[in-house]
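Colleague: give me a model of this one.
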Amino acid sequence: MSIKKFSTKELVEELSKREGVETIIAEPYENKELKMNGPAIIIKVID
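Modeller: I've put the predicted structure just below:
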């Protein structure tokens, strides 16, 4: 099964359940600042 069949919403929901994944949500018009020490991969999803 190809992951291309899944929506971005479904992929993000599944990834957020995985060990080692932290989800930070910025509500509409809310500013957030992120500071991190690597190694890290940051994926910005605007939905």
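
Colleague: go ahead and confirm Leu15 touches Val21.
Modeller: Yes. With contact defined as Cβ atoms under 8 Å, Leu15 reaches Val21; the gap is 5.7 Å. The way it works is simple: take the backbone N, C-alpha and C, and place the C-beta from them, glycine included.

Colleague: what about Ile41, distance to Pro28?
Modeller: Ile41 sits 25 Å away from Pro28, going by Cβ to Cβ, to the nearest Å.

Colleague: also Asn37?
Modeller: Asn37 is 29 Å from Pro28, by Cβ to Cβ.

Colleague: which parts of this protein are strands?
Modeller: For the chain, applying DSSP state E gives no strands.

Colleague: all helices of it, in order?
Modeller: Listed in chain order, the helices of the chain (DSSP state H) span 8-16.

Colleague: list the contacts of Lys32.
Modeller: Shown in contact with Lys32 (Cβ atoms under 8 Å, 6 or more residues apart in numbering): Ile24, Ala26.

Colleague: can you show me the CA trace of stretch 36-43 as PDB?
Modeller: The C-alpha trace of stretch 36-43 is given here as PDB (Å, rounded to 0.1, in the frame of the first residue of the first chain):
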ATOM      1  CA  MET A  36      15.800  22.600  20.200                       C
ATOM      2  CA  ASN A  37      19.000  20.800  20.300                       C
ATOM      3  CA  GLY A  38      19.600  18.400  17.500                       C
ATOM      4  CA  PRO A  39      19.500  16.000  16.000                       C
ATOM      5  CA  ALA A  40      15.900  16.900  15.100                       C
ATOM      6  CA  ILE A  41      13.700  17.100  12.000                       C
ATOM      7  CA  ILE A  42      11.100  19.800  12.000                       C
ATOM      8  CA  ILE A  43       8.100  19.500   9.700                       C
END
